[in-house]
Each structure stands twice: as C-alpha cells, then as structure tokens.
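J.: this is a predicted model, with the sequence first.
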Amino acid sequence: MNAAYRQLYIFQQLLSDHLVEKRPLAARFNVDPRAIQRDLSQLKTFISDQQLPYQLVYSRQRGGYQFVSAQDQVSKQVVLVLVKVLLASRALNQDELHDAVTGLLKLVTVSERAEVQPIIKNEVFHYQPLRHQQPLLKRIWAISQYISRQQPIAIDYRNARNQTQTREILPQALIFSEYYFYVVAYSLKYHANRFFRLDRIFGYRLSTQKIHRSRAERVSDGQLRQYIQYMQPGKLRTIRFEFSGVVEAALDRFPTARIITAASRPGTVLIEADVFDSGAMMWLLSQGQRVKVVGPADFVAQMKASLTATLAQYD
C-alpha cells in the first residue's frame, strides 16, 4: 500500500477519535516508523493549509497522536444540559427533536458522545411532543429575522376556537413559555401588543402596511420575562401576598419578587412582586392555602371572586 493510502487511513482514524501510535502503524503497513512520522508531518501541513478545525498533537500520557479541536468546543456537560432542557420543553415534533439532538451530539467528540447517549437514550425513546405536531424551527428563524429587521408582516392565524384570521402585525419578540413559543407583536387591528402562539400561525409574509413603533414603545423580551406569567398580559402592578410554601418556589416564579418581612401568620413570609396580574393570579390560585393575597385591595377582590366562583362549581 502506498503513502497516500496510509495517510488517508491515519486521517480517518484521527477523525474517529482514535489514538494513533507510530510503531503499531509501522507494523501494520510493514514500513519503517520514520515513514509514519513523515505521514504525520504531511497531515499536519494539510490541516494547516486547509485551515481545518483540528490540531494534531502528541499525548505523552497516552503515548500517541490525536486530534484536538482548534476552535472553542461545547463541552459534553453543556450538550447534556441542552438536550435535557429540549426534551423537557416538548416543544419540537419528533423529526425536529431528532435533528436537534443529533446536531448537538455532533458538537462533541465521538468518545464524549458515547458518554452522553446512554444518559439521554431513555428520555429520547419516550419523548412525547405536544399535540399540535407543527414543525417550528424554520418558523422560529423566519419570525426572528422579521423582528431583527423590524419588518411588519401579515399572518394567517388559527385561534383557540379554531377560527382563522389574517392579522397585520409588527413582531417584536419571540418568547418560549410553558411549552409554547409566542410571538409578541403590535397589532394594527387593536393598536396594542398581542400574543400569538407560533404553532397557530400557519402562514406569514411581508406586509404592505406601514407599522412603526418608537424605541420607547417597543417590547423588550428580557424585561417582559421579569413580569409575565403563562403569557397572560393583564395589568402591570405591584402585589403583596403571604406565603407559607417553599419560599424559593415563589421567588423563582416571580423574578421581581422580594421578601418584605415575616408575615402576621406563623410560618409565613410577606412577599412583594411587580407582575402582570392575570398570569400572577393563575399561579397564586394554584397554591391553595399556602397563599393569602393582601394587596392591593382590588386585586384581593379579584382573588376572592375567582375562589368563590370555583367553590360554586362544587355546590
């Protein structure tokens, strides 16, 4: 076998994350170890000339040559976390999940991939996507481009009652919350910001309408996340409630939350938070006896009315 074949074989071994040792290779091809050294030198030159994302290095500890990434590489720990979060979100259909997980695993070496795959194998096998089964990746990218360019679009939208509508909007943010992606957009019809679930947008295109929002009027997705729950806008206000559950759970739920003081009831704390009230109420109601809202007065009244209506269903 000639030198070209040897070099291709060595290159393939290195790409497969194998350790390359001179003497075993020399014995395999029945050549002097110096011939293998020349092959390795030529491979180094080839890698440099082609600007490949590898470096051929000698590992004294392992006693051989191996490829090391010449660019910043995502660690196996990061890939594992990203895959776990992706699986928990249930946001992608089966095909897109497979492509996303495969792509993430390719960011690490073959040996690291072999470590990660057994950890995620069971979850991937039992993955259950959301019922809408819509492909989202291309849609997410396209809407994100409209947002970056501040371009108005017309969308064909199917609402929760399965009614189809066409809306002229200026998309301003794309947010993931509670299993779904939402487009936060200024609606020309309502002259206000509205939330549109991405999987319910079945058509979109550039609009001929001119919609402009000043910098001060635009939505900041980073700030919006601080105040909103379950993508329910409501009214932005400061609420106070006594809480007897795991305090960390309340503080994590409301990023703006702060402990004011120990409350009047034993075993409770008084928490204050700046929130959109509709979504906040949904979470507070889910906490049952662990929560008592104490202000403001009209918000307390809304909580009482909701609880009374709920109890009435059991009469």
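T.: In hand now; what should we look at? These numbers come from a predicted model, not from an experiment. Numbers count the residues shown, from 1 in each chain.
J.: low-confidence ranges, the stretch 151-300 of the chain, go.
T.: With pLDDT under 70 as the threshold, the stretch 151-300 of the chain has low-confidence stretches at 263-264.
J.: how about the strands in it?
T.: Under the criterion DSSP state E, counting those that start in this stretch, the stretch 151-300 of the chain contains strands at 153-158, 164-177, 180-187, 192-197, 201-206, 236-243, 258-262, 269-276, 291-295.
J.: contacting residues around the nearest residue in space to residue 128 that is not next to it in sequence?
T.: For residue 128, ignoring the flanking residues on the chain, the nearest one in space by C-beta to C-beta, 6 or more residues apart in numbering is residue 90 at 6.6 Å. To be clear about C-beta, it is placed using only N, CA and C from the backbone, and glycine gets the same treatment. Shown in contact with residue 90 (C-beta atoms under 8 Å, 6 or more residues apart in numbering): 127, 128, 129, 130, 179.
J.: could you do residue 31 as well?
T.: residue 6.
J.: ok, now how distant is it from residue 38?
T.: The spacing between residue 31 and residue 38, counted by C-beta to C-beta, to the nearest Å, is 10 Å.
J.: likewise for residue 245?
T.: Distance, residue 245 to residue 38, using C-beta to C-beta: 70 Å.
J.: now do residue 284
T.: Taking C-beta to C-beta, one finds residue 284 at 73 Å from residue 38.
J.: those two: which has the busier surroundings?
T.: residue 284 (25 against 15; other C-beta atoms under 10 Å).
J.: what residues are up against the residue nearest to the more buried one when sequence neighbours are not counted?
T.: Once flanking residues are discounted, residue 284 sits nearest to residue 291: 5.1 Å by C-beta to C-beta, 6+ apart. Residue 291 makes contacts with 241, 242, 243, 244, 245, 284, as judged by C-beta under 8 Å, 6+ apart.
J.: I figured the last one hits residue 304, correct?
T.: No. Between residue 284 and residue 304 no contact is recorded; they are 12.0 Å apart, counting by C-beta atoms under 8 Å.
J.: residue 201 and residue 50: what is the separation?
T.: Residue 201 is 43 Å from residue 50, by C-beta to C-beta.
J.: more neighbours, those two?
T.: Taking residue 201 and residue 50 together and counting by other C-beta under 10 Å, residue 201 has the greater number of neighbours (23 against 8).
J.: skip the chain neighbours and tell me the closest residue to the more buried one.
T.: In space, residue 201 comes closest to residue 155 once its chain neighbours are excluded; the distance is 5.0 Å by C-beta to C-beta, 6+ apart.
J.: one more: residue 119?
T.: Residue nearest to residue 119 in three dimensions, not counting chain neighbours: residue 80, with 6.3 Å by C-beta to C-beta, 6+ apart.
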